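Student: Here is the input, now give the coordinates:
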Amino acid sequence: MKDGVNGVALTVFLFFFVVVTVMGFLAARWRKAENADNLDEWGLGGRSFGTWVTWFLLGGDLYTAYTFVAVPAAIYAAGAAGFFAVPYTIITYPLVFTFLPRLWSVAHRHGYVTSSDFVRGRFGSRGLSLALALTGILATMPYIALQLVGIQAVLDVMGVGGGENANWFVKDLPLLIAFGVLAAYTYSSGLRAPALIAFVKDALIYIVIIVAIIYIPIKLGGFDEIFSKAGTAFAAENPATGKPRGSLLPGPDAQWAYATLALGSAMALFLYPHSVTAVLSSRSRNVIRRNTTILPLYSLMLGLLAMLGFMAIAAGVKVKNGQLAIPQLFEDMFPDWFTGVAFAAIGIGALVPAAIMSIAAANLFTRNIYKDFLKPDASPEHEAKVSKLASLLVKVGALVFVLTMDKSVAINFQLLGGIWILQTVPALVGGLFTRWPHRWALLAGWAAGMTYGTWRAYATPSATQDHFGNTNLIPLIGEKGYIGLTAFILNVIVVIVATVVLKALKVPDGEDRTRPSDYTADAGDPGVRADLPPATTGAPGGH
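Tutor: Down below sits the predicted model:
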């Protein structure tokens, strides 16, 4: 790490930060509606985004600064195991192609703002809706924190903050300023701000990755040299474990873990509240269908990005915190001015998803906690005001994670977030296709999956901690697999068994407010929205 502040890199970084800040505030005037004081406008951008805006928004939402830093950092630390992120982002798009258009259609017909809105309308259960809302908020908070960790990693490498010996206020002041700016333009512009900034963020990331994948190998002697040095480094014994540090290819004993982690992560990716928010902001069902076919372009970027982990090893990067490996690689290999561009890509890559995540969590709180349980008669204007304030509180909570806790705490909770979000699949995804499961069975299955997944994750050591590992032995099979997928299977078994029992006992089910035609509706189709009168509950197995 270079001594002192990298002035040139910092100047370039600040230039781009100012540009996106101005864009964030100007976004309030972009496609502004006559009445912007409602969640459709503030929280979903007026449900007006077309194919390209949605593509950039979803890309900015899903491929975050944490992705930019953590995926190659995982390769840097352990080798090929970190590549699971590439197949899972490929697997996910055929999966979501089957259900996201249906979710968009029913949400458009009924004015649903969150996935919990849909679950309540589908199964007539405020309790189940509340469970999914709390799960979404809980999983999102540390995810926002990790975006701030990404900004902090860049600032640390640039030498901003006065170093380790500075007092906490001086050290964290740059992050506090970035947080304040993010909070201000998100409050002012809502989802339009990250949608507009996403164009700059994605352009910068593509430029940096294309340059890095060409320029750095040339400086290091080519890919043969990079893989040779990485292979030697991974074969070296780790003094802490007495085993090799990692591997260039997953071994036979890691294949189940690799495959189940990729599959489980693919199933969970678009269930996060920020993913749902970006999807519901689009203007038509076909926009979603087109996006599931072109979003895999980001997976190509992710594959190239992961290669930076090998390059960091070959370049001799030595850091105590693996999250600093890629920022440090950029500073060591690039001219100072382009280092600033690369750091701006990471920093802006944190601001976009952090804004969307805070909006999504705020929408869940407002619609599915505040309005459902505290103020059922809240007007659209009041809802928007509460959501704006809630988005600020969510960001403050994320900032507390970063400033008061060890970074591994946020990372561990984010890993838990994947396990938790996966437990919403039966109610949310299943509900888009069938009304057969009983609402109490879905709630019981959710509770079983959450409890088992949290317990097993806590009891499983990770590479650096005594708790919160991702993989453990799968019961009955005896192979190592992703805890979230095991918990999901338990969830489904409980749902099926409990539904059979509850239906046999003739326990009353909830009221279904949706109709079969709602799931294929598109923009412009005749239909009604949130004030639709209750539809009759279909027969088991029907809509």
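
Student: Identify the residues contacting Ala523.
Tutor: Contacts for Ala523 were tallied using Cβ atoms under 8 Å, 6 or more residues apart in numbering; they are His108, Arg283, Ser284, Arg285. From N, CA and C alone the C-beta is placed, and that goes for glycine too.

Student: Phe343: which element?
Tutor: helix 336-365 (DSSP states H and E).

Student: And the following helix or strand past that helix, what's buried?
Tutor: Remark: after helix 336-365, the chain's next helix or strand is helix 380-404, criterion DSSP H and E. If you call a residue buried by 16 or more other Cβ atoms under 10 Å, then helix 380-404 has these buried ones: 380, 382-384, 386-388, 390-391, 394-395, 397-399, 401-403.

Student: low pLDDT regions in the stretch 201-350 of the chain?
Tutor: 240-242 (pLDDT under 70).

Student: so where do the helices sit in it?
Tutor: 223-235, 255-269, 273-280, 285-294, 297-306, 308-314, 325-333, 336-365 (DSSP state H, counting those that start in this stretch).

Student: could these be laid out in CSV, adding mean neighbour count and distance to Arg47?
Tutor: Rendered in CSV, the data for the helices of the stretch 201-350 of the chain read as follows (neighbours: other Cβ atoms under 10 Å; distance: least, Cβ to Cβ, whole Å):
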stretch, mean neighbour count, distance to Arg47
helix 223-235, 16, 45
helix 255-269, 21, 22
helix 273-280, 28, 7
helix 285-294, 18, 10
helix 297-306, 19, 23
helix 308-314, 27, 37
helix 325-333, 24, 36
helix 336-365, 27, 13
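
Student: What is the nearest of the contacts of Ala523 to Trp256?
Tutor: Taking Cβ to Cβ as the measure, Trp256 lies nearest Arg285 of the contacts of Ala523, at 37.0 Å.

Student: Apart from its chain neighbours, what residue comes closest to the closest one?
Tutor: In space, and not counting its chain neighbours, Arg285 is closest to Asp522: 4.4 Å by Cβ to Cβ, 6 or more residues apart in numbering.

Student: in a helix, that's where that neighbour is, yeah?
Tutor: No: looking at Asp522 with DSSP: H, G, I helix; E, B strand; the rest coil, it is coil, so not inside a helix.

Student: Now do the contacts for Leu130.
Tutor: Ser116, Asn368, Ile369, Asp372, Phe373.

Student: What is the burial count for Val18?
Tutor: Val18: 11 surrounding residues under other Cβ atoms under 10 Å.

Student: my bad, Ile151
Tutor: 26.

Student: can you check Asp61 too?
Tutor: Neighbour number of Asp61 under other Cβ under 10 Å is 25.

Student: any idea how far Phe413 is from it?
Tutor: 19 Å (Cβ to Cβ, to the nearest Å).

Student: could you dump the contacts of Leu130 to CSV with neighbour count?
Tutor: Putting the contacts of Leu130 into CSV (neighbours: other Cβ atoms under 10 Å) gives the following:
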residue, neighbour count
Ser116, 30
Asn368, 26
Ile369, 18
Asp372, 19
Phe373, 10
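
Student: of those residues, closest to Gly484?
Tutor: Nearest to Gly484, judged by Cβ to Cβ, of the contacts of Leu130 is Ser116 at 20.0 Å.

Student: count of residues packed around the residue nearest to Arg285?
Tutor: Asp522 has 15 nearby residues by other Cβ under 10 Å.

Student: Same check on Val5?
Tutor: Val5 has 14 neighbours, counted by other Cβ under 10 Å.

Student: and the residue lying closest to it once chain neighbours are set aside, how many neighbours?
Tutor: Sequence neighbours aside, Gly159 is the residue nearest to Val5 in space, at 4.2 Å (criterion: Cβ to Cβ, 6+ apart). When neighbours are counted by other Cβ under 10 Å, Gly159 registers 18.

Student: cool, and Pro94?
Tutor: With other Cβ under 10 Å as criterion, Pro94 counts 12.

Student: List the residues that contact it.
Tutor: Going by Cβ under 8 Å, 6+ apart, Pro94 touches Thr292.

Student: I'd like to check the angle between the helix or strand containing it and helix 255-269, please.
Tutor: Assessed by DSSP H and E, Pro94 sits inside helix 85-110. For helix 85-110 against helix 255-269, the angle by axes from the mean of the first three to the mean of the last three Cα atoms, to 10 degrees is 30 degrees.

Student: for helix 85-110, what is the average pLDDT?
Tutor: For helix 85-110, mean pLDDT rounds to 92.

Student: From Gly481, how far off is Pro475?
Tutor: 10 Å.

Student: How about Phe401: what's its closest non-neighbour residue?
Tutor: Ala145 (3.5 Å).

Student: Could you do Leu329 as well?
Tutor: Distances taken as Cβ to Cβ, 6+ apart place Ala312 nearest to Leu329, at 4.5 Å, with adjacent residues excluded.

Student: List the contacts of the one you found.
Tutor: Applying Cβ under 8 Å, 6+ apart, the residues contacting Ala312 are Pro72, Tyr76, Ala325, Ile326, Gln328, Leu329.

Student: Swap in 10 Å and give it another go.
Tutor: 72-73, 75-77, 216, 226, 230, 318-319, 322, 324-330, 332-333 (Cβ atoms under 10 Å, 6 or more residues apart in numbering).

Student: and the closest residue to Gly231 other than its chain neighbours, what is it in contact with?
Tutor: Distances taken as Cβ to Cβ, 6+ apart put Leu248 closest to Gly231, at 5.2 Å, once the chain neighbours are dropped. Going by Cβ under 10 Å, 6+ apart, Leu248 touches Ile75, Gly79, Ala80, Phe227, Ser228, Ala230, Gly231, Ala233, Phe234, Ala235, Phe310.

Student: if I look at the closest residue to Val211 other than its chain neighbours, how far off is Trp420?
Tutor: Of all residues not flanking Val211 in the chain, Phe338 sits nearest, at 7.0 Å (Cβ to Cβ, 6+ apart). For Phe338, the distance to Trp420 (Cβ to Cβ) stands at 39 Å.

Student: same thing with Glu381?
Tutor: Counting by Cβ to Cβ, the gap from Glu381 to Trp420 is 32 Å.

Student: Spell out the residue ranges of the helices in the stretch 51-200 of the chain.
Tutor: Taking DSSP H, counting those that start in this stretch as the criterion, the stretch 51-200 of the chain contains helices spanning 51-62, 65-78, 85-110, 115-123, 126-158, 168-189, 192-220.
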